[in-house]
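**Q** predicted model follows, preceded by the sequence.
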Amino acid sequence: MKINGNEIRPGNIIEHDGGLWVAVKTQHVKPGKGGAFAQVELKNLRDGRKLNERFRSADKVERVRLEQKDQQFLYENDGMLVFMDAETFEQIELPADLLGERRPFLQDGMTVVVEYHESEALNVTLPEKVVCTVADTEPVVKGQTAANSFKPAVLDNGVRIMVPPFVGVGEAVVVNTETMEYVERA
């Protein structure tokens, strides 16, 4: 599907320079002289390269829709994550660094969304909220009941987050995988 250069929005995936790119940021600029354009920060879906590009409204770009499939995480093998399609039972391998700092939130048997372009798997999206157990945190200090005082905690997967003072060791908490912040008690 072709769209104009000024219609690119963050999150859109476009075909550009022979690769697939996701728009990270877009900014519309109207200089005093010359025509208006969209300044778009792009990130390559295959190798993670970044690129700043200008698109005028007359420029046509090919917008790509990715097919999304639910896949179940099975195990990790030599830095590769193995996922299985719940319907066809086909298994695919993706590099673990695709998830970046969100990798510790991936749990055995978890259902994730894998995005495909034609038959190539490009991206993995974790569920928005994950339940984790607090492995270590400081004890509650009596009298420390300020409205929004948080204390550091280490989860069972090794991730450090800030939790409210009433959360103790061994408690299950819900964590947002996008912002890596405490949401609520589980």
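**A** Looks like it came in fine.
**Q** only C-alpha atoms from now on, for both contacts and neighbour counts.
**A** Will do.
**Q** pull the distance from the helix or strand hosting residue 14 to the chain's centre.
**A** With secondary structure defined by DSSP states H and E, residue 14 is part of strand 13-16. Strand 13-16 sits 19 Å away from the centroid of its parent chain (Cα atoms, centre = their mean, to the nearest Å).
**Q** helix or strand right after that strand?
**A** By DSSP H and E, the next helix or strand past strand 13-16 is strand 19-29.
**Q** still on that earlier bit, quick one: mean pLDDT over the strand holding residue 14.
**A** Strand 13-16 shows a mean pLDDT of 88.
**Q** please apply the same query to stretch 165-182.
**A** Mean pLDDT, computed over stretch 165-182, is 89.
**Q** report the distance from stretch 5-13 to the chain centre.
**A** Taking Cα atoms, centre = their mean, one finds stretch 5-13 lying 18 Å from the centre of the chain it belongs to.
**Q** contacts made by it with the rest, please.
**A** Stretch 5-13 is contacted by residues 20-26, 28, 37-38, 40, 55-61, 63-65 when judged by Cα atoms under 8 Å, 6 or more residues apart in numbering.
**Q** check stretch 102-119 too.
**A** Taking Cα under 8 Å, 6+ apart as the rule, stretch 102-119 contacts 65-75, 96-97, 121-127, 130, 157-159, 177-178, 180.
**Q** apply 6 Å and report the result again.
**A** For stretch 102-119, the surrounding residues in contact (Cα atoms under 6 Å, 6 or more residues apart in numbering) are 66-74, 121-126, 157.
**Q** same deal with stretch 77-85?
**A** For stretch 77-85, the surrounding residues in contact (Cα under 6 Å, 6+ apart) are 71-76, 90-96.
**Q** give the buried residues for it.
**A** By 16 or more other Cα atoms under 10 Å, the buried positions in stretch 77-85 come out as 81-85.
**Q** with secondary structure, distance to residue 185 and pLDDT as added columns, please give those in TSV.
**A** Putting these into TSV (DSSP: H, G, I helix; E, B strand; the rest coil; distance: Cα to Cα, whole Å; pLDDT from 0 to 100) gives the following:
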residue	secondary structure	distance to residue 185	pLDDT
81	strand	29	90
82	strand	30	92
83	strand	29	93
84	strand	30	93
85	strand	31	90
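**Q** show me what contacts residue 28?
**A** The contact partners of residue 28, taken as Cα under 6 Å, 6+ apart, are 37-38.
**Q** ok, what's across the strand from it?
**A** Beta bridges link residue 28 to residue 38, judged by DSSP bridges.
**Q** state the distance from it to residue 62.
**A** Remark: distance between residue 28 and residue 62 (Cα to Cα, to the nearest Å) = 19 Å.
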